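J.: Quick one, what's the 3D model for this:
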Amino acid sequence: MTSDRKPDVTPVGLFDVAGNRMVDAELWDAIAEKNLADWEAEWIPELFKLLQALNRKGVERRFWPQSRHWDWRDKMKAIEGRLANQSFSIVCQDMTQAMMTTDVTKRAQIASQKNDHLVYVDFLEAAPWNRREMTQMPPRFSGAGSILILAAIEQSKMEGFRGRIGLHSLPQANDFYANKVGMTDLGQDAAYQNLRYFEMTPEQAEAFIEKGRKK
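T.: From the prediction side, this is the model:
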């Protein structure tokens, strides 16, 4: 589902790596038809080129982008009409740079907040050109993932969950969530494709927010 309403827009900034400067961007509180059109017309062809290059180099499939099978249009259809789900996107230079969906029906697992409500990040993905592990080159823009995590924290606060968030991470993103975001790694979840489960406490949320302010 894409929203029929015009998304609420929050001004944010992404770092233009080649230009070594911050550039204006927008955080939308929806994944709109424009975002899905960008995904189909720009993300998919770029991903296909990257997969071709990896295949020609003989790179093992286990090292290929682990989100390559994600279909964002299907993901939006799956949550159509569900009030528990929220979507977000980041747009910069009239192009979608990242997207995320969240779910407020899950409960926390860390002992200090066991069974408390949290915002669960179902899916978070940056455009192929913004992912160093895919291109083996500097990203076009950096900071999109952190902005979306901040959006999930803000949603958690607005829901009264004090910044608690949780997610299952694809292996290629484990380092980002553990070290850059500072979430707690609760280990592999046998009930969820053995992906590692990460969770953030209110204290970790405040630390991540403060880290962003100091940049």
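
J.: so what's the spatially most central residue of the chain bridging to?
T.: What sits nearest the mean C-alpha location of the chain, by Cα atoms, centre = their mean, is residue 124, with 2.5 Å. On the basis of DSSP bridges, residue 124 is bridged to residue 100.

J.: wait, doesn't it sit right on residue 148?
T.: Yes. Checked against Cβ atoms under 8 Å, the pair residue 124 and residue 148 is within contact range at 5.5 Å. The C-beta positions use only the backbone N, C-alpha and C, and glycine is treated the same way.

J.: Give me the common contacts of the two.
T.: Between them, residue 124 and residue 148 have 98, 100 as joint contacts when contacts are counted by Cβ atoms under 8 Å, 6 or more residues apart in numbering.

J.: Can you report phi and psi for residue 203?
T.: Note on residue 203: backbone dihedrals following degrees, to the nearest 10 are phi -70, psi -40.

J.: For it, grab the count of nearby residues.
T.: Residues near residue 203, counting by other Cβ atoms under 10 Å, number 12.

J.: Distance-wise, check it relative to residue 38.
T.: Residue 203 sits at a distance of 36 Å from residue 38 (criterion: Cβ to Cβ, to the nearest Å).

J.: Residue 95 too?
T.: Taking Cβ to Cβ, one finds residue 95 at 6 Å from residue 38.

J.: Please apply the same query to residue 142.
T.: 19 Å.
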